[in-house]
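Colleague: For reference, the sequence and a predicted model appear below.
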Amino acid sequence: MLVTGYIHNMKITKDTITKVFHAGKSSIETMQYKGYELIEELFVDSSGLGGPNEPADTTSQFIEKLENILIDNPSVTAKITNAGQFQVYIGLFKKTGPSRCTKIANNTFRIEIDGGYIIRLHDTDILTVKGQLLTLDSGGYQTMTTKARLNEYLPGGYQVNQKDYIWTVTTPAETLDFVDGMAVNYV
């Protein structure tokens, strides 16, 4: 069975191959921002009940594929890139360059992009500042943490507020209803 206690930076070698089942969760895009390249993403049964003729690899099929990948890549980093009820996608990555992101808070990164930056909470770009545009997104998680991170990293004069479970965005000029993916002019 896969996935019990997560280890966030899971380096896999032929000596630590069974520890892959404790890989943390991250999107492929986040790993790319951190300077990793996807070697392969494998679809694996996480229930321990799957059979060898099903679309998801069994544990032994997965280990065999991983052993073959380790022949060409003696050390890989494993991450769960997506999870369902009985299966997971496990991405196997190799470090190829410097990280373009800096950890600024728990589960929160600042990612430098051309003409601006992104604030990413978990795998959601909650704030993108590019040129004269601010883009805000909760990723569907209008939580206290998401709101706190937005307010911490929004430019002065901009704030996300909540009243009766409804989020709004206050700008120097107006108050707007919060909508995921909304773009606000930054002056």
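Modeller: Here it is on my side, so go on.
Colleague: need the next SSE after the worst-scoring helix or strand of the chain on mean pLDDT, C-terminal direction.
Modeller: Lowest by mean pLDDT, DSSP states H and E among the helices and strands of the chain is strand 10-12, with a mean of 75. Going down the chain from strand 10-12, the next helix or strand is helix 28-33, by DSSP states H and E.
Colleague: Specify the beta-bridge partners of the closest residue to Phe62 other than its chain neighbours.
Modeller: Of all residues not flanking Phe62 in the chain, Val44 sits nearest, at 4.7 Å (CB to CB, 6 or more residues apart in numbering). (C-beta placed from N, C-alpha, C; glycine too.) Val44 has these beta-bridge partners by DSSP bridges: Asp57, Val88.
Colleague: Just the helices from this structure, written as ranges.
Modeller: Assigned by DSSP state H, the chain shows helices spanning 28-33, 59-72, 144-153.
Colleague: Pipe the ones you listed into JSON lines and attach distance to Val129 per row.
Modeller: Putting the helices of the chain into JSON lines (distance: least, CB to CB, whole Å) gives the following:
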{"stretch": "helix 28-33", "distance to Val129": "16"}
{"stretch": "helix 59-72", "distance to Val129": "38"}
{"stretch": "helix 144-153", "distance to Val129": "9"}
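Colleague: Can you check which of these gets nearest to Ile17?
Modeller: helix 59-72 (6.1 Å; CB to CB).
Colleague: Just the buried residues of the closest one, please?
Modeller: Buried residues in helix 59-72, counting neighbours by 16 or more other CB atoms under 10 Å, are found at 59, 61-63, 65-66, 69-70.
Colleague: Are there helices or strands packed against that helix, and which ones?
Modeller: If contacts are counted by 3 or more CB pairs under 8 Å, 6 or more residues apart in numbering; DSSP states H and E, helix 59-72 sits against strand 36-45, strand 87-95.
Colleague: Need the residues that contact that helix.
Modeller: Here helix 59-72 makes contact (CB atoms under 8 Å, 6 or more residues apart in numbering) with 1-2, 12-14, 17-18, 20, 39-40, 42, 44-45, 48, 52, 57, 76, 90, 92.
Colleague: pull the CA atoms of it into CSV?
Modeller: Taking C-alpha atoms only, helix 59-72 is exported to CSV below (Å, rounded to 0.1, in the frame of the first residue of the first chain):
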residue,chain,number,x,y,z
THR,A,59,3.4,-2.1,-6.1
SER,A,60,5.7,-4.7,-7.7
GLN,A,61,5.2,-3.3,-11.2
PHE,A,62,5.9,0.2,-10.0
ILE,A,63,9.1,-0.9,-8.1
GLU,A,64,10.3,-2.7,-11.3
LYS,A,65,9.8,0.5,-13.4
LEU,A,66,11.5,2.6,-10.7
GLU,A,67,14.5,0.2,-10.7
ASN,A,68,14.8,0.6,-14.4
ILE,A,69,14.6,4.4,-14.2
LEU,A,70,17.3,4.4,-11.5
ILE,A,71,19.7,2.7,-14.0
ASP,A,72,19.9,5.9,-16.0
